[in-house]
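Task: produce atomic coordinates for the following.
(one chain, ligands or ions: 1)
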Amino acid sequence: MIPSVLPTYTRAPLHFVKGEGSWLVEEDGRRFLDLGSGIAVNALGHAHPALVAALTEQAGKLWHVSNLYEIPQQQALADKLVGATFADTVFFTNSGTEACELAVKMARKYWYDKGLPEKTDIIAFSGSFHGRSSAGIAAAGSEKMVKGFGPLLPGFKHLEWRDLDALKATIDDNTAAVLLEPIQGEGGIRPLPDDELKAIRALCDEKGCLLVLDEVQCGMGRTGRLFAHEWAGIIPDIMMVAKGIGGGFPLGAVLATEEAASGMTAGTHGSTYGGNPLGCAVGCAVMDHVADPAFLADVNRKAGLLRQKLEGLVAAHPEVFEEVRGSGLMLGLKVKPTPAEFVKAGYGALVITVPAADNVVRLLPALTISDDEIAEALARLDAAATALETA
Ligand SMILES: Cc1ncc(COP(=O)(O)O)c(C=O)c1O
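Numbers count the residues shown, from 1 in each chain. Next up is the predicted model:
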């Protein structure tokens, strides 16, 4: 008999009942050090006092009104995002997937309104992940994502990750946009070097297409800058954001320049829940912390500390680890057993990690993780590796 919850996930037998900062408490009382953060969602850890206060205060006043009315919390969050980024304008969604939907629509509408309706193709890359909607799976294009779900949304081309020669050869008069994650998350923490992102930006400008960045996983302070593309000193035309922006409240956004957003006039897009008062009150509290330069400087300091310790861990367990990679607090351990085996050994050592493709285990701790917790994380990862060696 089919379970009452549609069985699309293989779930670990863990039942968390409470979260405190970087810690998750299991029903039986065990305390797990959370290096997954709900896959880069709980940017400020669990039950951060400022987020609890923002949520409860707003919940007592007004949860939801339609986008048919003005929403001051939404306006405030949009102003914060516009003030802190390349963007001139923001549309709020409930998730990264919906941000992908709008990013694709926005890029196509831009060219349509410019009198170039043939420019509809989106060029994306192997190993990418942009969500599970029809546009999201068509953008990713992998067999795993699309098999059985045809007919696929047309207009997506796929190239090997980091194949800039192929990109140069593929962008043509029908290309609306190039879509990529500055650091692939699900694909196995695969960063695009800064000079390559710069070259792609230049190529898009030269050939006349838009650059859409998916910063759903790598954005919101995760790499030590508010958004990962800032390290390369470039700006996108359109950017997808989600996960960390709500700190655990379902919230996403599409940020865009005025030019790229010019096709999205009244009536061209909408969302019932996107940008509602409750979500945006929480989003404002997240932004007040994460966009603070002192907070980001501390993320960078802690990232250096964690990275250095992980290099030592990899060197100490050559049978378990191949390398550490990534940026900031978005790190990957390439493992020799399967990622699932390592993640399971982590459960035994009371540490939560997240599997990814390319034989990588992701470490996406809360950006608020302390130095002591980093030391504890290493002890627990070491215990997990030792358990695998002696199994
Ligand atoms: C880079 C990236 N884009 C898009 C998505 C989809 O976001 P959501 O699951 O919020 O729909 C994800 C989710 O993992 C992601 O990592």
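
and the chain, which residues reach the ligand?
39, 95-97, 100, 129-131, 181, 185-186, 214, 216-217, 242 (CB under 6 Å from any ligand atom). C-beta: built from backbone N, CA, C; applies to glycine.

Write the PyMOL selection for whichever of the residues you listed are buried.
The following PyMOL line selects those of the residues of the chain next to the ligand that are buried, judged by 16 or more other CB atoms under 10 Å:
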select buried, resi 95+96+97+100+129+130+131+181+185+186+214+216+217+242
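
Can you list which of the residues of the chain next to the ligand are found in strands?
Asp214 (DSSP state E).

Which one of the residues of the chain next to the ligand is nearest to the ligand?
Gly96 (2.3 Å; CB to the nearest ligand atom).

Could you give the average pLDDT over stretch 260-272?
The average of the pLDDT scores along stretch 260-272 is 98.

measure that stretch end to end?
By CA to CA, to the nearest Å, the extent of stretch 260-272 from end to end equals 23 Å.

Kindly report the same for stretch 90-103.
11 Å.

what's in contact with that stretch?
Contacting residues not belonging to stretch 90-103 are listed as 74, 77-78, 81-82, 130-133, 135-136, 139, 177, 179, 212, 214, 216-217, 238-243, 250-256, 264, 269, 271, 273-275, 279-280, 283 [CB atoms under 8 Å, 6 or more residues apart in numbering].

redo that, cut-off 7 Å
With CB atoms under 7 Å, 6 or more residues apart in numbering as the contact definition, stretch 90-103 has outside contacts at 74, 78, 81-82, 130-133, 135-136, 139, 212, 216, 238, 240-243, 250-255, 269, 271, 273-275, 280.

What of stretch 339-346?
Stretch 339-346 is contacted from outside by 335, 352-353, 355-356, 359-361, 384, 387-388, using CB under 7 Å, 6+ apart.

Recalculate using a threshold of 8 Å.
With CB under 8 Å, 6+ apart, stretch 339-346 has contacts from 12, 320, 333, 335, 352-356, 359-361, 380-381, 384-385, 387-388, 391.

do the same with stretch 128-144
Residues from elsewhere that reach stretch 128-144 (CB under 8 Å, 6+ apart): 95-101, 104, 122, 124, 126-127, 145-146, 149, 152-156, 158, 161, 179-181, 184-187, 214, 216, 240.

let's see 6 Å
96-97, 100-101, 104, 124, 145-146, 152-153, 156, 158, 179, 181, 186, 214 (CB atoms under 6 Å, 6 or more residues apart in numbering).

Name the residues of stretch 362-374 that are buried.
362-369, 373-374.

Would you format the residues you listed as CSV with secondary structure, distance to Glu20 and pLDDT included?
Output for those, formatted as CSV (DSSP: H, G, I helix; E, B strand; the rest coil; distance: CB to CB, whole Å; pLDDT from 0 to 100):
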residue, secondary structure, distance to Glu20, pLDDT
Arg362, strand, 22, 98
Leu363, strand, 19, 98
Leu364, coil, 18, 98
Pro365, coil, 14, 99
Ala366, coil, 11, 99
Leu367, coil, 16, 98
Thr368, coil, 11, 98
Ile369, coil, 12, 98
Glu373, helix, 11, 98
Ile374, helix, 17, 98
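
Between those residues, which sits nearest Leu24?
When the buried residues of stretch 362-374 are compared for distance to Leu24 (CB to CB), Ala366 wins out at 10.7 Å.

Pull up the gap between that closest one and Trp23, please.
As judged by CB to CB, to the nearest Å, Ala366 and Trp23 stand 9 Å apart.

do the same with Gly233
Noted for Gly233: a distance of 37 Å to Trp23, by CB to CB.

Check the stretch 251-391 of the chain for the residue nearest the ligand and tell me.
Counting by CB to the nearest ligand atom, the stretch 251-391 of the chain gets nearest the ligand through Gly252, at 6.1 Å.

Look at Gly304 and say how many residues are nearby.
Using other CB atoms under 10 Å, the number of residues around Gly304 comes to 12.

And the longest helix along the chain, what's buried?
Counting residues, the longest helix found in the chain (DSSP state H) is helix 293-316. For helix 293-316, a neighbour-count test (16+ other CB under 10 Å) marks 295-296, 299-300, 302-303, 306-307, 309-310, 313-314 as buried.

Likewise for stretch 3-18?
Buried residues in stretch 3-18 (16+ other CB under 10 Å): none.

Tell me where the stretch 251-391 of the chain has helices.
With DSSP state H, counting those that start in this stretch as the definition, the stretch 251-391 of the chain shows helices at residue ranges 277-290, 293-316, 339-348, 371-390.

Sorry, wrong one. I was asking about the stretch 51-200 of the chain.
Ranges of helices within the stretch 51-200 of the chain are 72-84, 96-113, 134-140, 143-146, 164-170, 194-207, based on DSSP H, counting those that start in this stretch.

any residues touching the last one, and which ones?
So that's helix 194-207. Outside helix 194-207, the residues that touch it by CB under 6 Å, 6+ apart are 164, 171, 178, 211, 231-232, 234.

Mind giving me the PyMOL select for those, buried ones only?
A single PyMOL command is used to select the members of the contacts of helix 194-207 judged buried by 16+ other CB under 10 Å:
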select buried, resi 171+178+211+231+232+234
